[in-house]
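Engineer: Structure for this input, please:
(4 chains)
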There are 2 protein chains.
Amino acid sequence: MVTIKNIAKELGVSVSTVSRAINNHPDINYDTKQEILETIKRLNYTPNALARSMIQKKTYTIGLMVPDITDLYFSAIAHDVEEVLSEVGYQIIYGNTGRNPEKEKNFLFNSLARKMDGLIVTPDFVDDDMIKWFQQIEIPVVFLRRRPPAELNIPFVDVDHYKGACQAMNYLHSLGHTNIGFIRMPEYSFTGLERYMGFKDSQEQKGIAPPYHVAIAEGKGMEDGARAMEQLLEMNPDLTAVFAGNDQLAIGAMEWMERNGIKVPEQISIVGFDNLELANLHWVQLTTVAQPCQDMGRKAALLLLDMLNEKNERPDSEILATSLVVRRSCKSLV
Amino acid sequence: MVTIKNIAKELGVSVSTVSRAINNHPDINYDTKQEILETIKRLNYTPNALARSMIQKKTYTIGLMVPDITDLYFSAIAHDVEEVLSEVGYQIIYGNTGRNPEKEKNFLFNSLARKMDGLIVTPDFVDDDMIKWFQQIEIPVVFLRRRPPAELNIPFVDVDHYKGACQAMNYLHSLGHTNIGFIRMPEYSFTGLERYMGFKDSQEQKGIAPPYHVAIAEGKGMEDGARAMEQLLEMNPDLTAVFAGNDQLAIGAMEWMERNGIKVPEQISIVGFDNLELANLHWVQLTTVAQPCQDMGRKAALLLLDMLNEKNERPDSEILATSLVVRRSCKSLV
DNA sequence: CCTCTTTCCGGTAACGTTACCGGAAAAGGA
DNA sequence: TCCTTTTCCGGTAACGTTACCGGAAAGAGG
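Structural biologist: Residues are numbered from 1 along each chain as shown, chains lettered A, B, ... in the order given. Next up, the predicted model:
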């Protein structure tokens, strides 16, 4: 392997001089520099980032920990994070945890060992150990789609799922619906919980008494939505509207209704959450809550950059607002 | 920052001994080892992976270069690659190129500088420079979804898009269709080209004379499919079937036909490619070519692992077969 | 011609770790 | 008891780079 020493020997100069040539140091003669740069090209020399990082104490890597990269939202986030950070020379070490606490801890440990400069994480298991870990760590961290516990003074970027759910519910209420079912995402889902709270609180505020009809889906896919819809109607056949925790569940529910001869929106209205491209298919035309997922990664990356550049040691968190997209899956009762 | 030296000083032993404790070296007393490990925990010591990598000449990082992580296939690949490799201690540095040659070169340069142990790449611009680069590089590389040029002896993993397209065409031919239009993915798409060749060659072999009716979509989304469908029918209103380069284009085309009162499959049959979850929606029921995308990342990772472990310096490439999924978007003419 | 500044470069010490050599102490064998 | 082996540990040199100090040569100013 060709190192800085080889270059130096080749030209009969010192390693310091070669280093200066590489790093645009002012203390070097123009001709010498050109000669060195030429030799570097000729010998195909590549500087060793590890050695450099060791003494500069900066690796230009940042860690991105997500539960599932195949989830549309996280891949969008990964895309934007990479876009923003690669622009200024950082590289992304990505870890997929699958919501496995072991893998989460492993990734975080590695982040320390590899001396990453910063971290963007979506942790699912913030236990006491991990709180302590985050407290003692010295590098900038941004939480993504998770609110850090009170003990941790860490900025985060998240969508306001709660308010988004309220938007959807207000809309249904405004159309005269009161007997509304909810298809909840699996219990492991943090966002699912927040959306559920939005549903519940909205019903309460509207003065609608429990019991509230909620089916918890087994997953986040369309099949799960179909099964949940079936449960929901078994519990309460008189529903006039359904609010689903995400678009896929909503579409699954619509599909189940279609299969069972229930007309949407004539017999049952439905609202989703996410505003996937799917929701706009003309067969679907799902009214749904749009979240600005394309902005989240970017926002998180910019937040982290601020911290990295020491412009702002502890920037404010960002809570992004949702917006209701009205299509044709809801009918007015009034 | 706490280093191995701090640990050594704390206990009055040498750094060598501490290193031995960390690395399960046999030449160490059991009690000493326990004491050291305890101190390591107490002082929250984390070994510096950079320093370690420098002398061991192994970084346990592998680079994954994809055009677009938000593309369902690449996110699935990224997921599986991470799953396989993290299992054995590797971490993934991921780069999103957006098919930008500058970003591609940048990522590859960084891979060298950071002394990554291996590379899984989907390069879009393999020019002479890059061929030379791949030739001189000393680390294992696997091509993903791209066939390396003849000069490069690099294994690859890919789906047999060509044969897949032939499968679809054979099916349409077997139903009696001959006047078949093709919606081609944008020209930058390699897979799009292979699928197109499958279409063209099938028509030729069937004895159908040109001109073949092909619309090149501007993107890969549903909107693009709709526009392409319009073009196709303008060129040739007598089409009885359409083969779309991917499912999203196919669905966009179906949507356009629905909007324009053309019945599928009664008036026009349609076949897609990819077998997205979408294709199975009951409104859609798209006949399509399924590719085993979930296997690709895994296969590529395993190939790379073989090379990393020097079990196999140059493993065989893998070409994965597709399968036709028949649903209800095609009608027989006979 | 002398001093002072500027320009440029070499040498050396770090960064944190592991590899390797050599050796003291303990244990084993006769 | 003496020799040999085993067990365990310390010291030192790397790995490839940059930071920093010091100094030679060249130019500037009087």
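Engineer: State the distance from the residue found closest to A:R114 once you drop the neighbours it is linked to in the chain to A:I93.
Structural biologist: Distances taken as C-beta to C-beta, 6 or more residues apart in numbering or on different chains put B:A49 closest to A:R114, at 4.6 Å, once the chain neighbours are dropped. C-beta here means a position set from N, CA and C on the backbone, and glycine is covered the same way. According to C-beta to C-beta, to the nearest Å, B:A49 and A:I93 sit 11 Å apart.
Engineer: Same question for A:R52.
Structural biologist: Distance from A:R52 to A:I93, by C-beta to C-beta: 17 Å.
Engineer: higher neighbour count, the two?
Structural biologist: Neighbour totals were compared for A:R52 and A:I93, and A:I93 leads with 21 against 17 (other C-beta atoms under 10 Å in any protein chain shown).
Engineer: what's near enough to touch the more buried one?
Structural biologist: A:61-64, A:111, A:114, A:116, B:61, B:91-94 (C-beta atoms under 8 Å, 6 or more residues apart in numbering or on different chains).
Engineer: Same check on A:D224?
Structural biologist: Per C-beta under 8 Å, 6+ apart, neighbours of A:D224: A:217-218, A:248-249, A:252.
Engineer: Looking at those, spot the one nearest DNA strand C.
Structural biologist: Comparing those against DNA strand C with C-beta to the nearest atom of the strand places A:E218 closest, at 44.5 Å.
Engineer: thought that closest one was touching A:Y188?
Structural biologist: No: here A:E218 does not reach A:Y188: they are 10.8 Å apart, not a contact under C-beta atoms under 8 Å.
Engineer: that older thread, pull the most distant pair out of the contacts of A:D224.
Structural biologist: Of all pairs drawn from the contacts of A:D224, the greatest distance, 12.6 Å, lies between A:E218 and A:Q248 (C-beta to C-beta).
Engineer: Compare these two (neighbour count), which wins?
Structural biologist: Using other C-beta under 10 Å as the criterion, A:E218 and A:Q248 rank with A:Q248 on top: 26 against 12.
Engineer: Would you check how far apart the more buried one and chain B are?
Structural biologist: Relative to chain B, A:Q248 is positioned 8 Å away (C-beta to the nearest C-beta, to the nearest Å).
Engineer: same check, this time on A:H177
Structural biologist: A:H177 is 24 Å from chain B, where distance means C-beta to the nearest C-beta.
Engineer: Quick check: chain neighbours aside, which residue is closest to that residue?
Structural biologist: Nearest residue to A:H177, sequence neighbours excluded (C-beta to C-beta, 6+ apart): A:A241, at 4.0 Å.
Engineer: could you point out which element follows the host helix or strand of A:V289?
Structural biologist: Following DSSP states H and E, one finds A:V289 within strand A:287-290. Per DSSP H and E, strand A:287-290 leads on to helix A:293-308 as the next helix or strand towards the C-terminus.
Engineer: So which elements touch that next one?
Structural biologist: With contacts taken as 3 or more C-beta pairs under 8 Å, 6 or more residues apart in numbering or on different chains; DSSP states H and E, helix A:293-308 sits against helix A:72-87, strand A:118-121, strand A:141-144, strand A:156-159, strand A:318-320.
Engineer: Show me the contact partners of stretch A:145-159.
Structural biologist: Applying C-beta under 8 Å, 6+ apart, the contact partners of stretch A:145-159 are A:73, A:121-124, A:126, A:131, A:134-135, A:141-144, A:190-191, A:291-293, A:296, A:299-300, A:303, A:307, A:314-322.
Engineer: So for whichever residue of the stretch 201-334 of chain A sits closest to DNA strand C, what's the pLDDT?
Structural biologist: Residue of the stretch 201-334 of chain A nearest DNA strand C, by C-beta to the nearest atom of the strand: A:L308 (19.3 Å). On pLDDT, A:L308 comes in at 93.
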